[in-house]
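Student: Here is a sequence together with a model predicted from it:
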Amino acid sequence: MEMMDQTAGSDLPPVLHTSSRRVSWLLLLLVVLVGLCAAGAYFWTNVGQFVETLAAAREVTTMPSLSPEDRAALSEIQSGQQKASDELAELNRSISAQLADLTRISDQIAALTLRIDSLQNPAPTASPPHVPRPTPGHAVSEPAKTLVRSSKPQGPVSVGGAPLVSGPKPDEP
C-alpha cells in the first residue's frame with residue numbers, strides 16, 4: 001500500500017515508475033550490443049587477416065607428420081612460388097606495354113609511308129575544261145533572234161469563205 005501511496009503522490013505517470021533492476025538490465029543489454037557492434041566492425045576491417053590465419057592453421061593441422069625442417073623447406077618453396085608468380089605478372093605487364101608501343105609505332109610507320117607515297121606520286125589533278133575567251137570584237141552581246149514559225153493548217157483550208165466538207169479520208173474506212 002505504501003507503493004501505491006508513492007505513485008499516487010507523484011505527478012509522474014505509472015509507466016515511468018520502474019524499478020532500478022529494470023534499468024540495469026536495459027543498460028547491460030545496451031553495453032552488450034555496443035560491444036557486439038565494435039567486434040563486428042573490427043572483424044570487418046581485418047577479415048583478410050582472419051582468413052590468412054585460418055588458412056595457416058588449416059595447413060598446420062593437415063601436415064602434422066612433417067618435421068620442422070620439412071615445414072621450413074615447404075614454406076621456402078611457397079615463398080619462391082609467390083615470388084615467381086609476381087615476376088611472371090610483372091613480365092606480362094611489360095610485354096603488354098611493349099606490344100602496345102609496337103602497335104602504335106607500326107601505325108605511325110604506315111601513316112608516314114602513305115605520306116611519302118603521296119608526295120612521290122602526286123595525284124593527277126583534274127584540269128578545268130578549256131573555255132574559249134571571247135575576242136574583243138565579239139564582246140558586245142547581240143540580241144538573240146527568236147524564230148517565229150508560221151502555223152500551217154492541218155487539213156483542208158477554205159480560200160473563198162465557203163465551208164468545206166471534209167470527206168472520208170483515204171486512211172479511214
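Tutor: Looks like it came in fine.
Student: Next up, the contacts around residue 80.
Tutor: Residues near residue 80 by CB atoms under 8 Å, 6 or more residues apart in numbering: none. Where C-beta positions appear, they are placed from N, C-alpha and C, glycine not excepted.
Student: any idea how far residue 73 is from it?
Tutor: According to CB to CB, to the nearest Å, residue 80 and residue 73 sit 10 Å apart.
Student: Equivalent analysis for residue 55, please.
Tutor: Counting by CB to CB, the gap between residue 55 and residue 73 amounts to 19 Å.
Student: quick one: low-confidence parts of the protein?
Tutor: Applying pLDDT under 70 to the chain flags residues 1-20, 59-64, 123-158, 162-164, 166-173.
Student: Longest helix in it, please.
Tutor: Ranked by residue count and defined by DSSP state H, the top helix of the chain is helix 68-120.
Student: Can you dump the C-alpha atoms of stretch 94-101 in PDB for me?
Tutor: Extracted in PDB, the C-alpha atoms of stretch 94-101 (Å, rounded to 0.1, in the frame of the first residue of the first chain):
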ATOM      1  CA  SER A  94      55.900  -5.400 -69.500                       C
ATOM      2  CA  ILE A  95      55.100  -7.500 -72.600                       C
ATOM      3  CA  SER A  96      51.600  -5.900 -72.800                       C
ATOM      4  CA  ALA A  97      53.200  -2.400 -72.700                       C
ATOM      5  CA  GLN A  98      55.800  -3.300 -75.300                       C
ATOM      6  CA  LEU A  99      53.100  -4.700 -77.600                       C
ATOM      7  CA  ALA A 100      51.000  -1.500 -77.300                       C
ATOM      8  CA  ASP A 101      54.100   0.500 -78.100                       C
END
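Student: Quick check: buried residues in it?
Tutor: Neighbour counts using 16 or more other CB atoms under 10 Å place no residue of stretch 94-101 among the buried ones.
Student: who touches that stretch?
Tutor: By CB under 8 Å, 6+ apart, the list of residues contacting stretch 94-101 is empty.
Student: mind checking the SS state of residue 66?
Tutor: When classified by DSSP: H, G, I helix; E, B strand; the rest coil, residue 66 comes out as coil.
Student: Pretty sure it sits against residue 75.
Tutor: No. Using CB atoms under 8 Å, residue 66 makes no contact with residue 75, being 10.6 Å away.
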